[in-house]
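Novice: here's my sequence, what's the structure:
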Amino acid sequence: MTALRLSPALLLAVATLLVVPWETASADGLPARARAAYRAYERGDLATAESQSALAVQESARSAGAWAVRGYVLSKRGDKAGAALAYRKAVQFAPTSAVAHNNLGSVLLELGQIPEAVQSFRRALEHKPIYADARNNLGAAFERQGNLAGAQRAYRTATMIDPSHAQAFNNLGAVQLKSGDVQAASASFARAAQLDPDFGVPALNLALLGDPEERDEAFFRRMEAAAAKPGASPKLKARVLAMRAGRAADRKDWEQARAYYIQALQLAPRDTTLLNNIAVVEDQLGMDREALLHLTEALDIEPDLLVAQN
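Specialist: Modelled structure (predicted):
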């Protein structure tokens, strides 16, 4: 078997946004428990934020703000299903809140409920047409549906609404690249990297566009540094681990390569490239059963993956 080379497209992360938990996060109209939950979240005390937000919705069951803060905290705790239920309550009690509709859509998108997410983003934009985050998120939903033309329009509109929106520029570049317009993609990535130097993904995408097979130390260090930054996506961290695995495989250090691939798969368990590559390494180690299981898993996710079929 031959290891599948890492494609530049694997680094093109489309980031959806959970924006501020509520329009009145610091206003007097927000229940005290909800304000306490948000303050705890800002301090990094997620356990207190969750308990306070639970009390907030018990004491103020008809407060849209309390439910919105509850949804925000649950989403940060990783409970996407619970967050979706909370945001549904928020939009029930504040049906004209663009923020609540946008945040509900973001959670639904992460849950894979794409049509419902599109509907939520559209409702957010009905109530607030000049809303760059919702427009960017709508683009992400369109992209998940395979509607690249719609995604490109949405991302471009987001950049027009907010010319400083680095994520929208990065996402626009990703769609432009998928559509074959490398020059436009390069310009969009460059703009995203310029707008937010701490947002590592566009800079890496730009570097990969220039030379997808680049293996020099400087490039590897850039990737390591970007993955180490706060807020780096699991996909980006997985890519760095995969690159380490590739280096170990080049040295024929198959055990180390497999260890790195296992770590990467913990971050991106449905990445068929990683599943194929760990199978290649396991084949070298004589772990035929494990290799077959990983190849089968890759094909369950992507039946047309030719390298895994081979």
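
Novice: and the helix or strand harbouring residue 155, which residues are buried?
Specialist: Element membership for residue 155 (DSSP states H and E) is helix 148-161. Within helix 148-161, the residues scored as buried using 16 or more other CB atoms under 10 Å are 148, 150-159, 161. For every residue, glycine as well, the C-beta is placed using N, CA and C.

Novice: check stretch 59-70 too.
Specialist: 60, 63-70.

Novice: which among the residues you listed gets closest to residue 104?
Specialist: Nearest to residue 104 out of the buried residues of stretch 59-70 is residue 68 (CB to CB; 9.3 Å).

Novice: in which helix or strand does the closest one reside?
Specialist: helix 64-76.

Novice: quick one: that helix to chain centroid distance?
Specialist: 19 Å (CA atoms, centre = their mean, to the nearest Å).

Novice: for residue 74, give its distance to residue 37.
Specialist: Going from residue 74 to residue 37 by CB to CB, to the nearest Å gives 11 Å.

Novice: with just CA atoms, put the longest helix along the chain into PDB.
Specialist: Determined from DSSP state H, the single longest helix within the chain is helix 234-250. Presented in PDB, the C-alpha positions along helix 234-250 are these (Å, rounded to 0.1, in the frame of the first residue of the first chain):
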ATOM      1  CA  PRO A 234      -8.900  20.200  16.200                       C
ATOM      2  CA  LYS A 235      -8.400  19.700  12.500                       C
ATOM      3  CA  LEU A 236      -5.300  21.900  12.400                       C
ATOM      4  CA  LYS A 237      -3.900  20.100  15.400                       C
ATOM      5  CA  ALA A 238      -4.600  16.800  13.700                       C
ATOM      6  CA  ARG A 239      -2.800  18.000  10.600                       C
ATOM      7  CA  VAL A 240       0.300  18.800  12.600                       C
ATOM      8  CA  LEU A 241       0.200  15.300  14.200                       C
ATOM      9  CA  ALA A 242      -0.300  13.800  10.700                       C
ATOM     10  CA  MET A 243       2.800  15.700   9.500                       C
ATOM     11  CA  ARG A 244       4.800  14.300  12.400                       C
ATOM     12  CA  ALA A 245       3.500  10.900  11.500                       C
ATOM     13  CA  GLY A 246       4.600  11.300   7.900                       C
ATOM     14  CA  ARG A 247       8.100  12.300   9.100                       C
ATOM     15  CA  ALA A 248       8.300   9.300  11.300                       C
ATOM     16  CA  ALA A 249       7.200   7.100   8.400                       C
ATOM     17  CA  ASP A 250       9.900   8.600   6.200                       C
END
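
Novice: just after it, pick out the following helix or strand.
Specialist: helix 254-267.

Novice: now residue 260: closest residue in space that isn't a chain neighbour?
Specialist: residue 245 (3.6 Å; CB to CB, 6 or more residues apart in numbering).
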